[in-house]
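Undergrad: Dropping a prediction and its sequence here:
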Amino acid sequence: MAIEYLVEEVTNNHTNVTKPMIIKDIAKIGEGAFGTVTQAQLRNATASEDQWLGPFAIKKVPAQTEYKSRELEILRQTSHPNVVSLKYFFNYPNAEDRGKLYQHLVMESLPCTLQTEIKRYHSSNLILHESHIQVYSFQIARGMNYLHSFGICHRDIKPSNILIDPDTLVLKICDFGSAKKLEYNQPSVSYICSRYYRAPELIVGCSLYTTQIDIWGLGCVIAEMFIGKPVFQGQDPMLQLREISKLLGPPDKEFIYESNPSYNGPMYSHRLYTSKVSTRFQKTFSHASPVAVDLLMNLLVYRPQDRLRPPAILAHDFFKPLRSPDFQVISRTTNSRVDVHNMLYNFSDYELRVLGDAVKEILVDES
Ligand SMILES: Nc1ncnc2c1ncn2[C@@H]1O[C@H](COP(=O)(O)OP(=O)(O)OP(=O)(O)O)[C@@H](O)[C@H]1O
């Protein structure tokens, strides 16, 4: 592919300086509902021909659409090890789309997504090692702790929106195309989030939801790492609720009323199983340790207020082994030991303040 083009106004997100730059598109790496993602390199228009920066991932989406994307705005405000970082941005016409103006977001590039990693294991009839699930889940929760502290709700948590580097086990949340800063008591659309990962309050049409919808998504993602496929695969938006009720039992009337008093869809109120919820969780996640099942039972909960919040998630005993400075995992790709403790626990002063009292449990290794 390797197409080069000059863009007169490219803004560096870090310095805010706008300069002409040459862009070299190398290969398409992703395709979404709204645009494409390509791997590319950039160089200053005045630099010599071998001074390429990158590779980066450039996400190209139509600059003006009826659907309001706050992606640029949110990526400009965020800076966190577990949130993909924006390096440059610019607008440029897309020749393949009648010269329509496209917004280009130049981001750091990671080699794969959690979806490809889960599929790779699943196709060999394997599941990720629990230590890898711990390391990945911890980083998603840490990224959410940061985002939610500003009221930023991702609203499309799923494995294909989570980037990883399998060599280092570094993880970054990406795709802020649906993200929004939620304000208290201000309604938002409920028709967001990919079906399998939609929180039950969204399914019944709640418009005053909170960042806890992302915690449901996190529960679904951790569950998927354990079983190799989406835990709730509804064939249509309403059957999605039925899939959830197979594991959690039927939603109660209070939950429906609190979510949307005018809901008049199916309630799935008759019990599909006689077994206890905890037994169904243990059966569904038969490869997971009891402490992992306990975490899942505290994330996949109907009432959003009853789902754990990020500080409590990070303090959960599922992550206890990670607290030891000697904690290591074996990388699938390099087959060597990786020290991950420092990368997981390099909390900024801001994060420590946000975590509050939970810090003691999150940081202290009592073993
Ligand atoms: N920074 C990145 N580094 C590497 N790959 C990336 C990066 N950002 C995105 N991708 C790849 O491109 C795909 C689509 O990106 P993204 O989800 O941001 O676009 P989208 O148009 O919103 O997609 P969708 O409609 O599927 O949510 C990702 O699943 C991933 O495979």
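TA: Everything's here; your move.
Undergrad: what comes up buried for the longest strand seen in the chain?
TA: Assignment by DSSP state E gives strand 18-31 as the longest strand of the chain. Residues of strand 18-31 classed as buried: 21-26, 29 (neighbour count, 16 or more other C-beta atoms under 10 Å). Backbone N, C-alpha and C define where each C-beta goes, glycine included.
Undergrad: Kindly report the same for stretch 43-51.
TA: Buried residues in stretch 43-51, counted by 16+ other C-beta under 10 Å: R43.
Undergrad: what comes into contact with that stretch?
TA: With contacts defined as C-beta atoms under 8 Å, 6 or more residues apart in numbering, stretch 43-51 is touched by 6, 19-22, 24, 52-53.
Undergrad: Are we agreed that S79 is in a strand?
TA: No. Counting by DSSP: H, G, I helix; E, B strand; the rest coil, S79 is not found in a strand; it is coil.
Undergrad: Can you tell me the number of residues neighbouring the residue nearest to it when sequence neighbours are not counted?
TA: With C-beta to C-beta, 6 or more residues apart in numbering as the criterion, S79 has its nearest non-adjacent residue at 6.8 Å, and that residue is S85. For S85, the count of nearby residues is 15 (other C-beta atoms under 10 Å).
Undergrad: what do you get for G265?
TA: Neighbours of G265 (other C-beta under 10 Å): 13.
Undergrad: Verify the contact between it and P237 for me.
TA: No. Using C-beta atoms under 8 Å, G265 is not in contact with P237, being 9.1 Å away.
Undergrad: burial of the residue lying closest to W52 once chain neighbours are set aside, as a residue count?
TA: Ranked by C-beta to C-beta, 6+ apart and with sequence neighbours excluded, the top spatial neighbour of W52 is Q41, at 4.1 Å. The tally of other residues near Q41 (other C-beta under 10 Å) stands at 18.
Undergrad: longest helix of the protein?
TA: Ranked by residue count under DSSP state H, the longest helix found in the chain is helix 130-149.
Undergrad: Quick check: residues of the stretch 151-300 of the chain near the ligand?
TA: Taking C-beta under 6 Å from any ligand atom as the contact definition, the stretch 151-300 of the chain meets the ligand at 156, 160-161, 163, 174-175, 177.
Undergrad: Considering those, which is situated nearest to K60?
TA: Closest to K60 out of those is G177 (11.8 Å), distances taken as C-beta to C-beta.
Undergrad: For Q139, which non-adjacent residue is spatially closest?
TA: In space, and not counting its chain neighbours, Q139 is closest to L171: 4.0 Å by C-beta to C-beta, 6+ apart.
Undergrad: which ones are touching the one you found?
TA: Taking C-beta under 8 Å, 6+ apart as the test, what L171 contacts is 82, 114, 135-136, 139-140, 143, 162-165.
Undergrad: Tell me the buried residues within those.
TA: Here, 16+ other C-beta under 10 Å leaves 82, 114, 135-136, 139-140, 143, 162-164 buried among the contacts of L171.
Undergrad: what's the most distant pair in the contacts of stretch 43-51?
TA: Checked with C-beta to C-beta, the contacts of stretch 43-51 reach their widest spread between K19 and K24, with 16.1 Å between them.
Undergrad: if I pick P304, what's in contact with it?
TA: When contacts are counted by C-beta under 8 Å, 6+ apart, P304 touches 199, 201, 209-210, 212-213, 215-216.
Undergrad: which of those residues has the most neighbours?
TA: A199 (29 neighbours).
Undergrad: Can you report how many residues neighbour L248?
TA: 17.
Undergrad: Next up, phi/psi of it, please.
TA: Phi and psi for L248, reported as degrees, to the nearest 10, are phi -90, psi -10.
Undergrad: all helices for the chain, in order.
TA: Here the chain has its helices, by DSSP H, at 71-77, 114-123, 130-149, 200-203, 212-227, 237-248, 253-259, 277-284, 290-299, 310-314, 341-345, 349-355, 359-363.
Undergrad: L101: which of those is closest?
TA: Of those, nearest to L101 by C-beta to C-beta is helix 71-77, at 13.5 Å.
Undergrad: Can you pull out the residues in contact with the closest one?
TA: 13, 59, 61, 84-86, 89, 103, 105, 107, 150, 152, 175-177, 179, 181.
Undergrad: cool, and stretch 106-114?
TA: 10, 29, 39-40, 42, 54-59, 75, 84-90, 136, 159-167, 170-172, 174, 221, 225.
Undergrad: Are any of the residues of the stretch 151-300 of the chain next to the ligand buried, and if so which?
TA: Neighbour counting by 16+ other C-beta under 10 Å classes 156, 160-161, 163, 174-175, 177 among these as buried.
Undergrad: What about those, which are in strands?
TA: Among those, the members falling in strands (DSSP E) are L163.
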